[in-house]
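Engineer: Model the following, please.
(2 chains)
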There are 2 protein chains.
Amino acid sequence: MVNINQDHWTTSRWEQEIRVRLGEATDGQAPLVNINADDTREFDAIFLGGGAGGRFGAAYLRAMGGRPLIIDRWPFLGGSCPHHACVPHHVFSDVAAQLMLERTFSGRLWFQDMQGKMVSIREIVEMFRRGRTGPHAFMNFQSKEQLDLEFVLGSRARIVDAHTLAVGGQIYHANNLVLSTGASPKPFTIDTQGMEGVFNYASLVDTLEYEPGPTVVVVGGGKTAIEYGCFFNATGRRTIIVSRHQPLTMINDAETRAYLLERMAEQGMEFWANAELTAIEGDGRVNAVAIRTISGGIKKVETDFVFLGLGERPNSQEAQETLGVEVDTNGAVKVDTRMQTSIPNVYAVGDLVGSPMEMFKARKGGMYAARNIMGEEAHYHFKKYPDFMHTHYEVCWLGLGEEQARERYRNVVVLKLPPDNPDGQSVALPAGDRMMLYVMMKPHLSGFQKLVIDGDTRRIVGAFHVGCGAKDGFQYLAPMVRNGLTVDELGEMDELFLNPSYFIQLCRLRAGSKVLRGM
Amino acid sequence: MVNINQDHWTTSRWEQEIRVRLGEATDGQAPLVNINADDTREFDAIFLGGGAGGRFGAAYLRAMGGRPLIIDRWPFLGGSCPHHACVPHHVFSDVAAQLMLERTFSGRLWFQDMQGKMVSIREIVEMFRRGRTGPHAFMNFQSKEQLDLEFVLGSRARIVDAHTLAVGGQIYHANNLVLSTGASPKPFTIDTQGMEGVFNYASLVDTLEYEPGPTVVVVGGGKTAIEYGCFFNATGRRTIIVSRHQPLTMINDAETRAYLLERMAEQGMEFWANAELTAIEGDGRVNAVAIRTISGGIKKVETDFVFLGLGERPNSQEAQETLGVEVDTNGAVKVDTRMQTSIPNVYAVGDLVGSPMEMFKARKGGMYAARNIMGEEAHYHFKKYPDFMHTHYEVCWLGLGEEQARERYRNVVVLKLPPDNPDGQSVALPAGDRMMLYVMMKPHLSGFQKLVIDGDTRRIVGAFHVGCGAKDGFQYLAPMVRNGLTVDELGEMDELFLNPSYFIQLCRLRAGSKVLRGM
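Structural biologist: Numbering: from 1, shown residues only, chains lettered A, B, ... in the order given. Here you go, the predicted structure:
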């Protein structure tokens, strides 16, 4: 056991340490311990898992004056997000956006000729594998030096009972236990053990060691499948998305979905919907897959690279077995609005408590667990939330889609760009940051956006944006929409033109009329 | 006179028409008229100038049931924004961001070798010159087909009196006149008439016909000077910014300014502050300039390309001469909060009424003029507003900088990324869309952000962001901050992680503490 409590490592020092430890087998390592030996208080809570929920929960509890301890099997805090999930996804989505731009303008202006150019996936993955220790190091630095968090990292803990964990030969006690062990990619129905070439988001960045060939098969129709699919496609590979259902159903507006699907088709992505992967062939490494298509027939596709985007399941097994916490049919630990499980003094937060497995929900769950542990009665009332995903674009949405709104309201008004017009999408608006070359040379690629309004109350009930730069705005729009934001109020705000979303000015153009009209 | 009222042109038809007309001398053209001959009402207002203020004002007045007429010398609506100002600025800033990325990763991954590569400014300008007719066409289409606006375009009007304009051999009467004639680049103290090679933002896109050489001299320290300077720099040219004062003073936070200046210096930009251009030499085209530097000495710089970013002055001369409207010492037409000038029934909006010459102010001014003309008593109370500019980055700010806040509050708390730490800016956070390759490989280039808080009331008093994707968010944050948004409220919002601004989660990490701490 190495207690570094008296050391104050820089981020670069942390980065070196994490690199070394990630290179070793985790289980054999002595844990990396930051415990303040001068603090003789019992821990108010042990957070098992230092990802989004555990780290934010511990920080909040600490800020309230309590004493938390985080225990995590990895040598860094932050959990799967910087290691496997959000951070690589954003790196790959940035690459997809960048490559789509370069391919669109290949050979024009200063752009290089991208004709027939296949970009290395392996190099990009290796770049991420080297680069991810930077965010890891930051999390450790911030947690120790700024948030005063105590932790035991880099060794797997065993749950002894609801107050006790064992790790690295030590026993740690606390008044409460907060389970924050996250989720893992769902296993595939086909056994692919021992077969190289079948990846999920986690194994891709951890284990890819060869250059994938020219064809990629992605299984799934959810966010991960499409986000990674767009990245593979942008590298110049044939990319087939095999899904049991129609893709993009998480985006609850038909026109927004259609815009996205048309753009993906234009980039050459193939959607095989109502289809299923039935076999994976290969000797050592995959060399082909069999797909049952919508017609019922089986098609064989030669490929050495299969990506599974099948969703995740909560890592609840140990807590079930040792503590007996109740779980639902998906294995998610059941909690009440105070984040309490079925076992007294045991809380659960984050992906472990099931969908939606969103960052804000994990972090806020941690915060609410902390408040309750510290004696408040604080209920986390989960609300409708804004959401996003990437294709080659950044896509954001909140509230009701147009069809949903029409079911609920008699007078739905829609403001959108481009508007319905005889030239369709080939119209040079919307225009915003990082979309301007499209606006100038390929306007139909410059994005799509829509505001859905209840014309009678003049309230905004939904918003959709495809392009770049609306994500931050959707965070702040969401609570305003929840509080009844009207077109008149939106029209009074001050836009930073060319603002990526044109919502403010579109509202202003219509707000003068007592009877709202669409556009 | 061509009245197209019964025609319904598509955006592509409009684009053809605008292209032809922009190719001709404006003054000789028959105006392009859209007047509804069946409407026998007197016009409620003529908007002289169909830019931001005129077009939005006319749209609002029309939505209220009134009858506006827009008259503009250009064959399109939207004014200087799509033709000379916001749109080209955003195109050039996108190019700067893209080229900085390509230069930073030159020869790595799939990036082309940019070593020593000078990118053509002329080609980019020509691309814009062709492409700008797309937004022009959209404005005309939207104004006619969606906003039902009547207009007379493509011919210069003469003000006859406060109710009467003459254009293209016709006389138009209205109950009110709204002056919306905008502003033009300030002339330079050195006479450069007849000398090729001295440009402002307008003449650059209209008249550049040669490829600038390897050195650019930019005069001015304001937004335009720096935005265009960064673009020239990114093309691979030596770029010298000559300004009388320190640059970037419009950004009211020293640390944010310092981050930006360091990054620009790193890209090779040269700031010659407390300096002045004293002579421009050349025979036909510029070949050198003389600059008095901070030391008082004169330096000669060989260049064939000088860019003037000297600000703008209102186009108020005709209205002064014919109507006698009062103007201030800068030539800005004086208006009250109802947008009324000193002359009854004459209103003025937009850049014509002086600084700040912002899009939202022009558009909202038009809206308030319309409401007053239509019989309301509506006062435009101009408020503090969020602002932005581009360097190679997108930069947004609102409220008080740290220094200003410390003057006003005894307990100022700052949350920022990267935080103060021994590695300085070389820390892999912040991370957000379009910044991810920097995060992975050149973290100190991944941006800077800061939230300034009054620790006693826990209210946000200022926000600063350098990176990409915060512009939309700042629009919506601004009214919340004005209404007293606290760290606790911000910490309760739902972030869309990796959100470009980390404000929500940084607040949450500190909100648990009764005594707020910085980070």
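
Engineer: Quick check: which ranges of chain A have low pLDDT?
Structural biologist: A:25-28 (pLDDT under 70).

Engineer: okay, which residue is most central for it?
Structural biologist: For chain A, the residue nearest the mean C-alpha position is residue A:86 (4.7 Å; C-alpha atoms, centre = their mean).

Engineer: Run through the residues that contact that one.
Structural biologist: Counting by C-beta atoms under 8 Å, 6 or more residues apart in numbering or on different chains, residue A:86 touches A:359, B:497, B:498. To be clear about C-beta, it is placed using only N, CA and C from the backbone, and glycine gets the same treatment.

Engineer: Could you work out the end-to-end span of stretch A:174-191 for me?
Structural biologist: Criterion C-alpha to C-alpha, to the nearest Å; first-to-last residue distance in stretch A:174-191 is 41 Å.

Engineer: Domain map for chain A?
Structural biologist: Taking automatic domain parsing as the criterion, chain A consists of the domains A:2-83+A:128-185+A:314-373, A:195-310, A:393-511.

Engineer: so, in contact with chain B or not, the longest one?
Structural biologist: Yes: against chain B, domain A:2-83+A:128-185+A:314-373 shows contacts by C-beta under 8 Å from any C-beta of the partner chain at A:10-12, A:56, A:59-65, A:81, A:128, A:130-132, A:134-135, A:137-138, A:141-142, A:145-147, A:358-361, A:363-364, A:367, A:370-371.

Engineer: Now residue A:282: closest residue in space that isn't a chain neighbour?
Structural biologist: Distances taken as C-beta to C-beta, 6 or more residues apart in numbering or on different chains put residue A:195 closest to residue A:282, at 6.0 Å, once the chain neighbours are dropped.

Engineer: The one you found and chain B: what is the separation?
Structural biologist: The gap separating residue A:195 from chain B is 29 Å, by C-beta to the nearest C-beta, to the nearest Å.

Engineer: Wait, that residue touches residue A:289, no?
Structural biologist: No: the pair residue A:195 and residue A:289 fails to qualify as a contact (C-beta atoms under 8 Å) at a distance of 11.1 Å.

Engineer: Need the residues touching each of these two.
Structural biologist: Taking C-beta under 8 Å, 6+ apart as the criterion, residue A:195 and residue A:289 both touch residue A:280.

Engineer: Name the residue in these two with the higher neighbour count.
Structural biologist: The neighbour comparison of residue A:195 against residue A:289 (other C-beta atoms under 10 Å in any protein chain shown) goes to residue A:289, with 25 against 16.

Engineer: which residues does that one bridge with?
Structural biologist: Beta-bridge partners of residue A:289, counted by DSSP bridges, are residue A:280, residue A:301.

Engineer: thinking it is in contact with residue A:277, fair?
Structural biologist: Yes: if you go by C-beta under 8 Å, residue A:289 and residue A:277 touch, sitting 5.7 Å apart.

Engineer: Now for these two: what residues contact both?
Structural biologist: Common contact partners of residue A:289 and residue A:277 (C-beta under 8 Å, 6+ apart): A:217, A:306.

Engineer: Please verify my assumption that residue A:36 contacts residue A:150.
Structural biologist: Yes: counting by C-beta under 8 Å, residue A:150 is a contact partner of residue A:36 at 6.1 Å.

Engineer: joint contacts of those two?
Structural biologist: Shared contacts of residue A:36 and residue A:150, counting by C-beta under 8 Å, 6+ apart, come down to residue A:5.
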